[in-house]
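Engineer: Predicted model and sequence below, questions to follow.
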Amino acid sequence: MLKISKLTKRYGSGDPVLKELDLTVEGDQLTSVIGSSGAGKSTLLRCINRLVEPTSGSIDLNGTEFTTLNRRELRAARRRIGMVFQSFNLIDRLTVMENVQSGRLGYISTWAALTRRYPREDIRHAYELMERVGIAHYADKRADELSGGERQRVGVVRALMQRPEILLADEPTASLDPKTSEQIMSLLRDLASELKLPVIINIHNVTEAKEYSDRIVGMRYGRIIFDDLPEKLGKGEMDEIYAGVPAEDRAQVGAAA
Amino acid sequence: MTSQSLNQTLDHWSRFTLRQRVMRYGGFALTLLVVAWALSSIDVIWEWVWDAPSQMGDLFGRMMPPDPSNLPSILEAIWQTVNIATLATMIAVVVSLPVAYIAAQNTTPNKFALWVGRFILVSSRSVNTIIWALLFVAIFGPGIVAGIVAIMFRSIGFLGKLLGEAIEEIDRKPVEALEACGASRFKVVLYGIVPQVMPAFFAVAILRWDINLRESTVLGLVGAGGIGMILQGAIDTFNWPEVSMVLLTILALVVFGEVVSSYLRKKIL
């Protein structure tokens, strides 16, 4: 269970991007976070594994408080969180297998990493997962030879290799064509239930979000203003999530405060 | 009214304002002045300049035909030259890796290391190979070791600088992904940075080897081993046929280096 409470993130001395945000995700739910650009979706996701350092608040994953970990502990804790990126973030010049195994870098010895002698168990697991998402026959191909959808599958397998307790996906389909995008979404949904893995997805495509998620969280300028089942997301809620400009919103907050 | 004033201004256009034009002509005049002053102050003995063509013909006549009688020792010296260049490049590549790592903005551990790295690069590059060689001949005595160390010292700056720039230009996204899965700093470098820098690394190393091959031919002039020693000896004894033989061998060596390095470039990159 991931429990975020009173999470605040402020870049420099400006207005906070996240404002005392609370969110709890559990089970094998697929949660989609929607909201206009600048709403803080990406910052929220990156605060969870501290790729972005939160200003204040607490992040608790199955009993581990993330915000107080030192560098070593954080590295160990990050292994438990898988992450999938908008632009896949693969290492182009390495093979698919090397990319997939890089998800295990936190576990294996430096020597094993250097010589590419991965543990048999990891190799078996990698083939299983690659088989599952349909890229096993690409194991020896270089990552930059693959198409967008295939590359994102490599990204997903890399994240799953960590045997994570939660999967974060930062706009995983934004760089893909509509059809591939749907394939990746349904893959993430199926994996969530197969692996009993909670998944949080940042997404711009609301139609897809409604179709594939168990729960939708609507963000607006650093706050969660909608959190319910997909079918509860109507036109009124949509307008509220996507309306307004940051300056107006901040002025209102200022007036209220 | 507005269209009329528009018409008046529209048929006038010049690239520069009057002020800019004056500045530009002033700049040209100043440059001419500097060139004239430079020419007048270097004290050229013009008789010798006009004399040059006939001198060249004379020297060429004395060089012809090249004298191959000393060829075995010339070839041995050439082999030594190749060894100096190759060994020095290999050592320099290894040494320059950590220097590049600390001299690149995005991988340097801290500000202090950054400045240490930059200082190494600048001091290595600001001293010419021949001057390094003079220094190391004084330290190691004449011979091949001084040559290798001299070439190496000059190469570290070159390799480190270009590798450091390659590191600075990498795509940060894969690095972010590896950090997100809990990899240690060293493994992030190994998987996220090394593969991205690999092509630049080989290109730069091959280029430097090619340059070093040529630089090591002159090292002998200051006693640091290689073909230059024989060349110097031949010039000192006015043995012009042997000088031309040595020059031909150097030419062959440079062509050889060019062929090998372009082959390697094609093969690896």
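Structural biologist: That came in fine, so what should we check first?

Engineer: who in chain A is up against chain B?
Structural biologist: Neighbours of chain B within chain A, by CB under 8 Å from any CB of the partner chain: A:49, A:51, A:74-79, A:81-83, A:85, A:87, A:89-94, A:98, A:102-103, A:105-106, A:110, A:113-114, A:155, A:158-159, A:162. The C-beta positions use only the backbone N, C-alpha and C, and glycine is treated the same way.

Engineer: Which among these count as buried?
Structural biologist: A:49, A:51, A:74-75, A:77-79, A:81-83, A:85, A:87, A:89-94, A:98, A:102-103, A:105-106, A:113, A:155, A:158-159, A:162 (16 or more other CB atoms under 10 Å in any protein chain shown).

Engineer: quick one, phi psi at A:Thr95?
Structural biologist: phi -70, psi 170 (degrees, to the nearest 10).

Engineer: Quick check, it in contact with A:Ala143.
Structural biologist: Yes: look at A:Thr95 against A:Ala143 with CB atoms under 8 Å: they come within range, at 7.1 Å.

Engineer: Between these two, which is the more surrounded one?
Structural biologist: Remark: of A:Thr95 and A:Ala143, A:Ala143 carries more neighbours, 24 against 18, as counted by other CB atoms under 10 Å in any protein chain shown.

Engineer: Report the next helix or strand after the host helix or strand of B:Trp115 in sequence order.
Structural biologist: If you go by DSSP states H and E, B:Trp115 is part of helix B:111-126. Next along the chain after helix B:111-126, taking DSSP H and E as the criterion, comes helix B:129-140.

Engineer: which other helices and strands contact that next one?
Structural biologist: helix B:144-168, helix B:194-218 (3 or more CB pairs under 8 Å, 6 or more residues apart in numbering or on different chains; DSSP states H and E).

Engineer: Pull out the buried positions in that helix.
Structural biologist: Per 16+ other CB under 10 Å, helix B:129-140 contains these buried residues: B:Thr129, B:Ile130, B:Trp132, B:Ala133, B:Leu134, B:Leu135, B:Phe136, B:Val137, B:Phe140.

Engineer: can you check stretch A:168-186 too?
Structural biologist: Neighbour count says stretch A:168-186 has A:168-173, A:175-176, A:180-185 buried, by 16+ other CB under 10 Å.

Engineer: for stretch B:215-227, same thing?
Structural biologist: B:215-227.

Engineer: Could you work out the end-to-end span of it for me?
Structural biologist: Stretch B:215-227 has its terminal residues 11 Å apart, counting by CA to CA, to the nearest Å.

Engineer: now stretch B:221-240
Structural biologist: 16 Å.

Engineer: Turn the buried residues of stretch A:168-186 into TSV, columns for secondary structure.
Structural biologist: What follows is these, written out as TSV (DSSP: H, G, I helix; E, B strand; the rest coil):
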residue	secondary structure
A:Leu168	strand
A:Ala169	strand
A:Asp170	strand
A:Glu171	coil
A:Pro172	coil
A:Thr173	coil
A:Ser175	coil
A:Leu176	coil
A:Thr180	helix
A:Ser181	helix
A:Glu182	helix
A:Gln183	helix
A:Ile184	helix
A:Met185	helix
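
Engineer: Tell me the helices and strands packed up against the helix or strand B:Val246 falls within.
Structural biologist: Using DSSP H and E, B:Val246 sits within helix B:240-268. The contact analysis (3+ CB pairs under 8 Å, 6+ apart) places helix B:240-268 against helix B:46-63, helix B:71-103, helix B:194-218, helix B:227-236.

Engineer: Great, nothing more from me.
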